[in-house]
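Novice: I would like to see how this sequence folds:
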Amino acid sequence: MRCSLLAALAAAAALQPTPPPRRPRVILQTSKKHSGTRQRPKGAGRVRQGGKRGDLLKGIYDAPAITKERPSVSEDPLLPFVEALARAADQRKGRSIAAFHVAPLTDVASFVIAACGRSRPQCDAVAAAVVDDAKELFDRTPNHVEGGADGGWTCIDFGDVIVNVMTPASREFYNIDEIWKNAEQVDL
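Specialist: Coordinates of the predicted model:
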């Protein structure tokens, strides 16, 4: 009986799968705490793709340099249109009105006008006056109007002339005058 019991146990053991042999555990050190050495000096932040964040905007924000010769401001045929738009902004009590002849610096436009209003409703009124006078005096409508007083900045694009109407805080923040400092300023 003892033999039959041993034979039955041996048969049952043969039917059960045997577990795979255990391999020794390998512990990988992935945290810096265990490595003992720092990858970079303490206090030095990460550098993204070989440069700092400021380097990414270097060519975008810097004032453009003169790239080509164009007619001076007094010879430009758009000057009466620019003066009329600046006058429209002034009649609605627009402040700090400046016009820049940017044709030698960029192909985007020939002139950029910047004006401020004291409040958001006044900025809307200045922008509306600019669009209305362009339609009445020169029969021109803007190609696109972007933004509004709620954002603090309205951009009116006539194609060759771009008008920016901003609140004083937006004008100080975006610093339009500094961006176009290399452009010839129009006497208004």
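Novice: how about the strands in the chain?
Specialist: 95-101, 111-116, 144-148, 153-157, 161-166, 184-186 (DSSP state E).
Novice: how far away is residue 138 from residue 148?
Specialist: Computed as C-beta to C-beta, to the nearest Å, the residue 138 to residue 148 distance reads 23 Å. Where you see a C-beta, it was placed from the backbone N, CA and C, and this is true even at glycine.
Novice: Any chance of the strands of the chain in JSON lines with mean pLDDT, distance to residue 129 and mean neighbour count as columns?
Specialist: Below are the strands of the chain laid out as JSON lines (pLDDT from 0 to 100; distance: least, C-beta to C-beta, whole Å; neighbours: other C-beta atoms under 10 Å):
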{"stretch": "strand 95-101", "mean pLDDT": "90", "distance to residue 129": "12", "mean neighbour count": "20"}
{"stretch": "strand 111-116", "mean pLDDT": "92", "distance to residue 129": "10", "mean neighbour count": "24"}
{"stretch": "strand 144-148", "mean pLDDT": "87", "distance to residue 129": "13", "mean neighbour count": "14"}
{"stretch": "strand 153-157", "mean pLDDT": "90", "distance to residue 129": "11", "mean neighbour count": "21"}
{"stretch": "strand 161-166", "mean pLDDT": "92", "distance to residue 129": "9", "mean neighbour count": "25"}
{"stretch": "strand 184-186", "mean pLDDT": "86", "distance to residue 129": "19", "mean neighbour count": "17"}
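Novice: I'd like those as JSON lines, with distance to residue 125 appended.
Specialist: Formatted as JSON lines, the strands of the chain follow (distance: least, C-beta to C-beta, whole Å):
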{"stretch": "strand 95-101", "distance to residue 125": "13"}
{"stretch": "strand 111-116", "distance to residue 125": "11"}
{"stretch": "strand 144-148", "distance to residue 125": "12"}
{"stretch": "strand 153-157", "distance to residue 125": "11"}
{"stretch": "strand 161-166", "distance to residue 125": "9"}
{"stretch": "strand 184-186", "distance to residue 125": "23"}
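Novice: For the closest residue to residue 86 other than its chain neighbours, which residues are in contact?
Specialist: Among residues not flanking residue 86 along the chain, residue 188 sits closest, at 4.8 Å (C-beta to C-beta, 6 or more residues apart in numbering). For residue 188, the contacting residues are 83, 86, 87, 90, 97, 98, 99, by C-beta atoms under 8 Å, 6 or more residues apart in numbering.
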